[in-house]
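how does the following fold in three dimensions:
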Amino acid sequence: MKSMKNVSHIVSYMNNRAVALAKTNRYEDAVELYHSTINALSEDKKEISHRISYNLAMCYARGKNYEDCLHVLKDVIKGADGISKKAKSLHAKVEVALKKGTVLHFPEDKPKSDKVTHD
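The predicted structure follows:
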């Protein structure tokens with residue numbers, strides 16, 4: 001049981017580190033860490049994997065890599081867990097940005113905010 005808590009703490013640390021990297025425009029480092037974190041999870045941790053994948057999609061969106069963002073979101077949206085609603089919302093905003101040729105802007109310094117705007 002203790003090892004499960006340790007794994008949970010490690011995964012949480014890795015995810016939080018990747019979020020910090022993405023928010024400081026170190027997208028490549030963040031993407032690498034997100035992938036490492038997702039690959040370290042066992043198959044029975046789908047909900048956690050979806051949450052980290054959503055963060056990966058946000059990282060791609062912040063870096064204006066909208067195609068990869070949409071690709072990641074497709075898998076997250078398929079999940080029946082709580083993150084799929086947020087993933088659908090981000091997916092729609094990214095599609096609009098691509099269609100209109102606009103850039104998404106993310107409010108900084110607001111920790112729980114998913115609000116995204118267009119130019």
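
can you give me the neighbour number for Asn15?
19 (other C-beta atoms under 10 Å). Just so you know, the C-beta spots here come from the backbone N, C-alpha and C atoms, and that holds for glycine as well.

tell me how far it lies from Ala30.
Here Asn15 is placed at a distance of 10 Å from Ala30 (C-beta to C-beta, to the nearest Å).

give me the buried positions along the host helix or strand of Leu90.
Per DSSP states H and E: Leu90 is located in helix 83-100. Neighbour-count burial for helix 83-100, with 16 or more other C-beta atoms under 10 Å as criterion, is recorded at Ile83, Ser84, Lys86, Ala87, Leu90, His91, Lys93, Val94, Ala97.

residue ranges for the helices of this structure, please.
For the chain, the helices defined by DSSP state H cover 2-23, 27-40, 46-62, 66-78, 83-100.

what's the closest of those to Phe106?
helix 46-62 (5.9 Å; C-beta to C-beta).

tell me the mean pLDDT for that closest one?
Helix 46-62 carries an average pLDDT of 94.

just the closest of the buried residues of helix 83-100 to Ala22, please.
Among those, and counting by C-beta to C-beta, the member closest to Ala22 is Leu90, at 13.8 Å.

doesn't Tyr60 make contact with the closest one?
No - applying C-beta atoms under 8 Å, one finds Leu90 not in contact with Tyr60, separated by 10.1 Å.
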